[in-house]
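*Asks:* Just the structure for this:
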Amino acid sequence: MEKQEAVNGVPSLFWISPGEGLSEELYQGLAACVREGLDGFQLRERHSFPRDLLPAVARCREILPASQGWLMVNDRLDLALASEADGVHLRRTSLPPAVARKAVGSQLRIGASVHDEEELREALAGEVDYVFASPVFPVRKSAGPPRPPLGLFGLRSLVELSNVPVIALGGILPSNAAEVLETGVHGLAFMRGPLASGDPGGFVRALRELLGNRS
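*Replies:* Below you'll find the predicted structure:
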């Protein structure tokens, strides 16, 4: 299967699925977000089997066409290669970015999660297309102790060190996004915010307006 070419430019608004299972609520929420300008989505459902994720990627691709944004899958390089996804997003415990890049060349987009300068340098050495810098603000984790937040100062430091777009993640809300954007980040990422808000489209619309207003 020939992959569709993703739109030029790294998305400025990324929704990461909250990992609570594949459901109509998730798909409907994604559709509402795309209508309001969401241009990046990462399917992050670690408890779903690859056999179930393959049609899920196809469903997400219908909702977010390649002409409108990037569709990434979390961690699973094999799934990204076998599907219509634009690329794979790597966790700290995933394949090293350099190994993934060597395996796929320019066939896939590659993103990576970074939490400090050392992880950022490793990601940059692997020729990633973008990084998620997190957590910006304190967040709850379902397992294990939470990471210390970067804060706005730590986030700005990573932005200044990076030669690829940095997307802020962790506690991002319409109420604090303006100060996050002042650090120079390329964009914003969020996980539970759209569905938790009860109005996924409105959540994205508010952030899109803030992105449009920055100088």
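*Asks:* In which helix or strand does L188 reside?
*Replies:* Secondary structure assigned from DSSP states H and E places L188 in strand 187-190.
*Asks:* Tell me which residues are up against the helix or strand just after that strand.
*Replies:* Using DSSP H and E, the next helix or strand after strand 187-190 towards the C-terminus is helix 193-197. Where contact means Cβ atoms under 8 Å, 6 or more residues apart in numbering, the residues beyond helix 193-197 that reach it are W15, P18, E25, L26, G29, A32, C33, I172, L173, P200, F203, V204. For the C-beta atoms, the positions are set from N, CA and C on the backbone; glycine is no exception.
*Asks:* give me every residue that touches V114.
*Replies:* Neighbour list for V114: L120, E122, A123, V131, F132, A133, S134, L158 [criterion: Cβ under 8 Å, 6+ apart].
*Asks:* For the protein, which segments count as helices?
*Replies:* Listed from the start of the chain, the chain has helices (DSSP state H) covering 24-35, 50-63, 77-82, 97-104, 117-125, 151-161, 177-181, 193-197, 200-213.
*Asks:* Next, the buried residues of stretch 184-193.
*Replies:* Within stretch 184-193, the residues that qualify as buried by neighbour count (16 or more other Cβ atoms under 10 Å) are V185, H186, G187, L188, A189, F190, M191, G193.
*Asks:* on that earlier part again, just put the helices of the chain in TSV and tack on mean pLDDT and distance to P11.
*Replies:* Converted to TSV, those look like this (pLDDT from 0 to 100; distance: least, Cβ to Cβ, whole Å):
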stretch	mean pLDDT	distance to P11
helix 24-35	97	11
helix 50-63	93	14
helix 77-82	94	16
helix 97-104	95	18
helix 117-125	96	17
helix 151-161	97	17
helix 177-181	97	15
helix 193-197	95	15
helix 200-213	95	11
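*Asks:* and V139, which of those helices is closest to it?
*Replies:* Ranking the helices of the chain by proximity to V139 (Cβ to Cβ) places helix 193-197 first, at 10.9 Å.
*Asks:* Return the closest one as PDB; C-alpha atoms alone will do.
*Replies:* These are the backbone C-alpha positions of helix 193-197, laid out as PDB (Å, rounded to 0.1, in the frame of the first residue of the first chain):
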ATOM      1  CA  GLY A 193      -8.600  17.900  27.800                       C
ATOM      2  CA  PRO A 194     -11.000  17.600  24.800                       C
ATOM      3  CA  LEU A 195     -13.200  14.800  26.200                       C
ATOM      4  CA  ALA A 196     -13.000  16.000  29.800                       C
ATOM      5  CA  SER A 197     -14.200  19.400  28.800                       C
END
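*Asks:* Quick check, L108 in contact with H89.
*Replies:* No. Applying Cβ atoms under 8 Å as the test, L108 and H89 come out as separate, 10.5 Å apart.
*Asks:* out of these two, which sits in the busier spot?
*Replies:* Counting neighbours by other Cβ atoms under 10 Å for L108 and for H89 shows that H89 has the greater number, 29 against 21.
*Asks:* pLDDT value on the more buried one, please?
*Replies:* pLDDT recorded at H89 is 98.
*Asks:* partner residues bridging it?
*Replies:* Bridge pairing for H89 (DSSP bridges) gives the partners N74, G111.
*Asks:* That one reaches F132, doesn't it?
*Replies:* Yes. The criterion here is Cβ under 8 Å, and H89 meets it with F132 at 7.5 Å.
*Asks:* Perfect, that will be all.
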